[in-house]
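Novice: got a sequence here, can you build the structure:
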Amino acid sequence: MRGAIVGASGYSGAELTRLLAVHQKVSELEIFSNSLAGEMFDEHYPNMAGEVGLRYQKVPEEITVRQVDKPGYAVA
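Specialist: Numbering: from 1, shown residues only. All right, here's what the predicted structure looks like:
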């Protein structure tokens, strides 16, 4: 499963990033934050260094959300 977190720079977004980055069913993860675009996640959360290894991206103009109507899926 692919995942994306918009607003991954705050505490909740960082925790969700940490959990999904090591989840066995998540094959691809992207993280978005306009204020940290281009910077590495680990630079801002050194306590999680080595667990994530992702770079923040700028939030796109348009976002398509898919498959949130299935049981067990949630959007926050």
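
Novice: packing partners for the helix ranked longest in the chain?
Specialist: Among the segments of the chain that qualify as a helix by DSSP state H, the longest is helix 11-21. If you count contacts as 3 or more Cβ pairs under 8 Å, 6 or more residues apart in numbering; DSSP states H and E, helix 11-21 packs onto strand 2-6, strand 28-32, helix 41-44. (Each C-beta comes from the backbone N, C-alpha and C, glycine too.)

Novice: closest to residue 64 out of those?
Specialist: Of all those, strand 2-6 sits nearest to residue 64, with 10.0 Å by Cβ to Cβ.

Novice: is the residue lying closest to residue 57 once chain neighbours are set aside in a bridge, and if so with what?
Specialist: Of all residues not flanking residue 57 in the chain, residue 32 sits nearest, at 5.2 Å (Cβ to Cβ, 6 or more residues apart in numbering). Beta bridges link residue 32 to residue 6, residue 57, judged by DSSP bridges.

Novice: related to what we said a few turns ago, buried stuff in the longest helix of the chain?
Specialist: For helix 11-21, a neighbour-count test (16 or more other Cβ atoms under 10 Å) marks 13-14, 16-18, 20-21 as buried.

Novice: contacts only, for residue 29.
Specialist: 2-5, 17, 20-21, 54 (Cβ atoms under 8 Å, 6 or more residues apart in numbering).

Novice: adding distance to residue 43 and pLDDT, write the residues you listed out as CSV.
Specialist: CSV is the format used below for the contacts of residue 29 (distance: Cβ to Cβ, whole Å; pLDDT from 0 to 100):
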residue, distance to residue 43, pLDDT
2, 24, 84
3, 21, 85
4, 20, 87
5, 17, 88
17, 13, 90
20, 19, 89
21, 15, 88
54, 11, 88
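
Novice: between the residues you listed, which is nearest residue 42?
Specialist: residue 54 (8.4 Å).

Novice: burial count for that closest one?
Specialist: If you count neighbours by other Cβ atoms under 10 Å, residue 54 ends up with 17.
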